[in-house]
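Participant: Attaching a predicted model along with its sequence, questions to come.
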Amino acid sequence: MSSENKNTAPKEKGGFNIKSKAVWTLLFVLIAALSIWAVTSQAKDFTISAFGNFIATANPIWLCSATLSMLGFIIFEGMALLTICHAFGYKRSFGRGFV
């Protein structure tokens, strides 16, 4: 009797198969949708048109500044994770810190 691996699903470079990634993607979308629904259902006067009006009348400098801050947080958090991985002896590429 051979000790072959019975799992014949195609695996990608990270060791996850495509079906597993699809399940995690759907779970992420579901959690994001439920989070948005939970927040908006608590606000009795929230409407999509009022939100659109809020964004349209917002100062573009503050919107760009907030977007850059958000992206900076993501980048620096990824770099921190890479530093921690490196400290424990795991060599990871720059791109792997953001996956």
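Facilitator: Received the coordinates, thanks.

Participant: show me where pLDDT drops low in the chain?
Facilitator: Scanning the chain for pLDDT under 70 picks out 1-16, 98-99.

Participant: Mind doing that once more with 80?
Facilitator: Confidence mapping of the chain against pLDDT under 80 gives the ranges 1-17, 94-99.

Participant: who touches stretch 85-93?
Facilitator: Residues outside stretch 85-93 that contact it (CB atoms under 8 Å, 6 or more residues apart in numbering): 82, 97. From N, CA and C alone the C-beta is placed, and that goes for glycine too.

Participant: redo that, cut-off 10 Å
Facilitator: 78, 81-82, 84, 96-97, 99 (CB atoms under 10 Å, 6 or more residues apart in numbering).

Participant: do the same with stretch 61-80
Facilitator: Applying CB under 10 Å, 6+ apart, the contact partners of stretch 61-80 are 55, 58-59, 92, 94-99.

Participant: between the residues you listed, which is closest to Leu26?
Facilitator: Set against Leu26, the nearest of those by CB to CB is Val99 (17.4 Å).

Participant: gap between Gly72 and Leu26?
Facilitator: 29 Å (CB to CB, to the nearest Å).

Participant: and Tyr36, what does it touch?
Facilitator: Careful, residue 36 is Ile and not Tyr. Neighbours of Ile36 in contact, by CB under 10 Å, 6+ apart: none.
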